[in-house]
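Novice: When you get a sec, could you give me coordinates for this:
(chains A, B, C and D)
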Protein chains: 2
Amino acid sequence: MEFSTEFDARIGRGDVTLTERDVALLRAIDDHGSINAATATLGRSYSRGQQRIVELEEGFGDLVARKRGGSGGGGSHLTDLARELLNRYDQLSAEFSGIAETEETVLSGQVVDHDGELATVETAAGTVRALVHDDGTDTGARLTLRADAVTLQSPSRSPEGDRTSARNRLEGTVRTVDRGEPVALVTVDVADEVSLAALVTVTSVEKLGLDRGTPVVASFKATATRGVPVE
Amino acid sequence: MEFSTEFDARIGRGDVTLTERDVALLRAIDDHGSINAATATLGRSYSRGQQRIVELEEGFGDLVARKRGGSGGGGSHLTDLARELLNRYDQLSAEFSGIAETEETVLSGQVVDHDGELATVETAAGTVRALVHDDGTDTGARLTLRADAVTLQSPSRSPEGDRTSARNRLEGTVRTVDRGEPVALVTVDVADEVSLAALVTVTSVEKLGLDRGTPVVASFKATATRGVPVE
DNA sequence: TCCCGTTGTGCTACCAATGACACAACGAGA
DNA sequence: TCTCGTTGTGTCATTGGTAGCACAACGGGA
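Specialist: Next up is the predicted model:
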């Protein structure tokens, strides 16, 4: 069954939260130079738009410098704070949509150890360390491993007693290489019936000489793999 | 200024989307064995709850097996599909909240090259490859680098012409080590006035002998650093 | 055959967010 | 002093989602 994963990003402060709708309003003000023109082009009512700005400013501080009267009747422009908020919102959305869109592989396994948030999980592909939130009855867990968190390297150069903080290592062989334009999706067989997806740049594909059958080591940080308890 | 980053996770299919509210309803049905008891304990109306289930099932397929009449009057229980949906939702939430909570560092810089989504950005800390969405007027970009995507390694063992797909490398020295219980937040000075945050396990801190002043190499994948264009 | 608690369905009422509209206040420039 | 387009403020209407309620349908067991 095919799902689409979606999200709403919000930025909160005090008891107001900035939503996508608010961001659109601020952007329109920035574009048109007045609340009036902004609400008009958005097909929204001025009165409500103005009210909303006041509400937001009670939580965040000055966002819109407004002037009435004068030549042209006045106008409004965004404060530096508002611009910072918009940038922050863009970044947040970019990260969320990264998650919503990126391929991921799910590993199920048994929790054999639990130290705070850090769990050791036995999976079909080997034992993996991951962050698992709840720790009440730790029997099993489903780990989700995002393709952009997996780094690939040649087996020749990959010491066992490692000097890196990426301590989850799974050996395998490349199953498929799906070249997008600047990025490629590589799937790696790490056990019978278990394969990982890794998102790497095409230049990395070439540097590592990745092709069907190439032996590789997939490594990923414990702190980058999150899981939820099951059963 | 201190913000809180929030989100709503949703799973869509067709033209219905499963929200957190729906998840709560399904969970309550699973707990109590009937829609009636579920809506009652949630303080919601039966009629609306039942309607909502029908709406969801039009998009997703059978979620709640309902039986009326019989001993006890009947009852309801979740289908396997519903359970799968709930698991999927849990995983998605876990990933989103990981993003919302995790420390991150922002690098601003000039875009010097743009190949599809992959941009090369000159920052104060060095040149970095990252995924940047829009590519209309590529002047500057703000890259956000999540602490859980940064891996640390000792400089001794880190070949220049690398055999790994993590190609962004920044050398620096440890500024602070903030030990949480199983995970530690390490900040690394990589240039004047620029420091990165890395989230690693405490055992990695010990293995690498990280302490204030320790020279380290911070590396991260281009596909794990996302940016938004500015100006 | 009756009893019971559930599902299924339809109606009204309510609430919060929003739009629609009216009108005063403003202030630079003609 | 007048004009003009904007901000600021208030009132009323509309809308979408929900609760509240009533009542029929169901079917296993007493």
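Novice: Name the residues linked to the nearest residue in space to A:Ile35 that is not next to it in sequence by a beta bridge.
Specialist: Distances taken as C-beta to C-beta, 6 or more residues apart in numbering or on different chains place A:Ser76 nearest to A:Ile35, at 5.2 Å, with adjacent residues excluded. All C-beta atoms are positioned from the backbone trio N, CA, C, and that covers glycine. Counting by DSSP bridges, A:Ser76 forms beta bridges with A:Arg66.
Novice: And for A:Ser76, the neighbour number?
Specialist: A:Ser76 has 21 neighbours, counted by other C-beta atoms under 10 Å in any protein chain shown.
Novice: Surely it and A:Val64 touch.
Specialist: Yes: counting by C-beta atoms under 8 Å, A:Ser76 does reach A:Val64; the two are 5.1 Å apart.
Novice: Pull up the overlap in contacts between those two.
Specialist: A:29, A:35 (C-beta atoms under 8 Å, 6 or more residues apart in numbering or on different chains).
Novice: picking up where we left off before, and the residue nearest to A:Ile35, how close does it get to A:Asn36?
Specialist: Separation of A:Ser76 from A:Asn36 (C-beta to C-beta, to the nearest Å): 9 Å.
Novice: longest helix anywhere in chain A?
Specialist: As assigned by DSSP state H, the longest helix anywhere in chain A is helix A:80-101.
Novice: Next SSE downstream of that helix?
Specialist: Heading C-terminal from helix A:80-101, the first helix or strand you meet, by DSSP states H and E, is strand A:104-115.
Novice: So what are the sheet partners of that next one and their directions?
Specialist: Strand A:104-115 sits in its sheet next to strand A:118-123 (antiparallel), strand A:140-146 (antiparallel), going by DSSP bridges.
Novice: I'd like those strands as JSON lines, with mean pLDDT, mean neighbour count and distance to B:Asp134 appended.
Specialist: Shown next, in JSON lines, are the strands paired with strand A:104-115 (pLDDT from 0 to 100; neighbours: other C-beta atoms under 10 Å in any protein chain shown; distance: least, C-beta to C-beta, whole Å):
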{"stretch": "strand A:118-123", "mean pLDDT": "94", "mean neighbour count": "21", "distance to B:Asp134": "37"}
{"stretch": "strand A:140-146", "mean pLDDT": "94", "mean neighbour count": "23", "distance to B:Asp134": "22"}
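Novice: that older thread, can you pull out the residues in contact with the longest helix of chain A?
Specialist: Under the criterion C-beta under 8 Å, 6+ apart, residues A:5-7, A:9, A:11, A:18, A:23, A:26-27, A:30, A:60-64, A:78, A:146, A:148, B:1, B:3, B:5, B:7, B:95-96, B:99, B:106, B:131, B:133, B:142, B:144, B:146, B:226-228, B:230 lie in contact with helix A:80-101.
Novice: Show the pLDDT at the residue lying closest to A:Arg179 once chain neighbours are set aside.
Specialist: Excluding the flanking residues, the one nearest A:Arg179 by C-beta to C-beta, 6+ apart is A:Val202, at 5.8 Å. If you check A:Val202, the pLDDT there is 93.
Novice: What of A:Val190?
Specialist: Looking at A:Val190, its pLDDT stands at 96.
Novice: Just the element for it, please.
Specialist: A:Val190 is part of strand A:183-191 when elements are defined by DSSP H and E.
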